[in-house]
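In: take this sequence and fold it.
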Amino acid sequence: MNKTIWAGAALTAVMALGLPAAAQNDPRNVTVEELRTAGAKACADGKTYTIAYSHSVSEAVIVRQVRHFASQRAAELGCVTIMHDNTQANNLEQQINAVQGWITLGVNAIVVTPIDESALKPLQAQAKAQGIKWLTYLGVMDDSDGYVGFDHAQSGQIIGQAAADWVRANGIENPKALVTTLTGLPSLAPRWQEVERIFADAGIEIVTMQDSADQTTGMAVTETVLRQHPDLDIVIGLNDDAAVGASRAVAIAGIDPAKVFIGGQDGSLEGLTAVNQGGAYKASAAILINDLGANIVDLALNAITGYGPSFAYTPTVLASKADQALLDKLLANYAN
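Out: Numbering: from 1, shown residues only. Predicted coordinates:
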């Protein structure tokens with residue numbers, strides 16, 4: 001597998017993220033090996049570092065695993081202490097309290113998934129004034145010192161193309177699709193916009209696009225659409241949670257799993273498990289969470305030391321039964 005961390009889309013897509021000018025050429029060219037080498041260099045001079053990481057939904061299984069791999073990388077390096085908060089369910093007060101505590105402690109770097117950018121801006125300014133490096137995860141903030149993430153356009157391209165290939169391989173005429181979105185988070189828009197583009201080129205009709213990012217709404221939306229379009233061929237979830245909900249609706253409707261393509265994004269445990277079962281859930285655009293967790297540490301170290309790039313993307317890959325070895329590897333990331 002190519003280990004290059006790449007944006008996948010044109011440089012204009014990178015610039016659209018709002019990354020600082022100095023970082024705009026970095027994300028799609030940085031390699032995993034480059035990050036690991038720079039991280040090791042930071043520990044070679046005997047200094048120690050404290051890195052703090054706040055995700056907005058720390059209770060999620062995929063987030064717990066990302067934190068596991070971040071802690072694993074810190075332990076491997078030996079010179080890094082990594083701190084995790086307990087922010088859950090996008091609770092802004094919890095996140096603010098955690099970040100304020102880290103600033104008081106004087107950590108070297110803070111990596112945060114910003115629940116509310118405007119609310120965190122004063123804390124960002126306070127941290128930077130104290131020499132603490134400020135990196136963002138998933139979302140992007142102006143004036144950040146680094147970015148740990150993945151390319152939403154690449155994710156949409158991977159799952160959209162997989163569905164189009166399935167339609168072609170099965171000779172489906174006049175295919176119809178449901179695509180879920182999350183319009184309240186425009187930074188995620190490439191996840192569905194790239195699917196729209198690919199489906200338009202492939203002659204796949206999107207009968208509706210509706211917000212859904214959890215299993216409950218994914219199931220409800222799909223049930224409603226199936227009543228209107230019982231011949232629905234494809235469901236593409238904004239994430240695996242929405243797609244898992246859709247797969248339950250399809251199962252309840254008694255639809256032959258061979259005649260429908262359900263695809264998710266992120267590579268969650270439930271999504272990958274559903275793919276591995278070989279039914280209607282055909283694929284997930286899966287993030288390499290082992291590399292993602294390690295990148296939290298290495299990119300923060302690079303922001304602190306300047307030994308390497310502090311803006312980079314972690315690759316997304318197609319998880320499907322067509323590549324069982326890769327699917328098994330992705331599932332194994334949850335066995336730790």
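
In: pretty sure D143 is touching L120, no?
Out: No: using CB atoms under 8 Å, D143 is not in contact with L120, being 11.4 Å away. For the C-beta atoms, the positions are set from N, CA and C on the backbone; glycine is no exception.

In: settle it for me: which of the two has more neighbours?
Out: Neighbour count, other CB atoms under 10 Å: between D143 and L120, L120 has more, with 23 against 10.

In: now do that one, the pLDDT please.
Out: Here, the pLDDT recorded for L120 equals 95.

In: L11 now?
Out: 29.

In: then the one 3 residues further on?
Out: At V14, the pLDDT value in this model is 35.

In: what's the answer for M1, then?
Out: pLDDT for M1: 35.

In: before we move on, what about P20?
Out: Here the pLDDT value assigned to P20 is 44.

In: setting aside sequence neighbours, what's the nearest residue to S155?
Out: Nearest non-adjacent residue to S155, counting by CB to CB, 6 or more residues apart in numbering: A285, 4.3 Å away.

In: what helix or strand does the one you found sit in?
Out: Take DSSP states H and E as the rule and A285 turns out to sit in strand 281-287.

In: pairing partners for that strand, with directions?
Out: strand 261-266 (parallel), strand 316-320 (antiparallel) (DSSP bridges).

In: how far does that strand sit from the chain's center?
Out: Relative to the chain's own centre, strand 281-287 is displaced by 12 Å; criterion: CA atoms, centre = their mean, to the nearest Å.

In: would you mind identifying the next helix or strand past that strand?
Out: helix 289-305.

In: circling back: and the residue nearest to S155, what does it touch?
Out: Neighbour list for A285: 154-156, 158-159, 162, 263-267, 316-319 [criterion: CB atoms under 8 Å, 6 or more residues apart in numbering].

In: out of those, which is nearest to Q94?
Out: Closest approach between these and Q94, by CB to CB: D266, at 22.6 Å.

In: pLDDT-wise, which helix or strand of this structure ranks last?
Out: Ranked by mean pLDDT, DSSP states H and E, the weakest helix or strand in the chain is helix 11-16, scoring a mean of 33.

In: just the helices in this structure please.
Out: Residue ranges of the helices in the chain, as given by DSSP state H, are 11-16, 32-43, 61-77, 92-105, 117-129, 152-169, 190-202, 215-228, 240-252, 269-276, 289-305, 324-332.

In: circling back to that earlier point, quick one: which of the contacts of A285 is most hemmed in?
Out: G264 (35 neighbours).

In: wait, it sits on A280?
Out: No: using CB under 8 Å, G264 makes no contact with A280, being 11.5 Å away.

In: how about the contacts made by the closest residue to I255 other than its chain neighbours?
Out: Residue nearest to I255 in three dimensions, not counting chain neighbours: A280, with 7.2 Å by CB to CB, 6+ apart. Applying CB under 8 Å, 6+ apart, we find A280 in contact with 247, 250-251, 255, 257, 260-262.

In: show the buried residues in those residues.
Out: By neighbour count, with 16 or more other CB atoms under 10 Å, the contacts of A280 hold 247, 250, 255, 257, 260-262 as buried.

In: and G267, how far from N333?
Out: 8 Å (CB to CB, to the nearest Å).

In: show me the common contact partners of the two, please.
Out: Common neighbours of G267 and N333 (CB under 8 Å, 6+ apart) are I289.

In: on that earlier part again, which one of the contacts of A285 sits closest to P186?
Out: Set against P186, the nearest of the contacts of A285 by CB to CB is G156 (13.8 Å).
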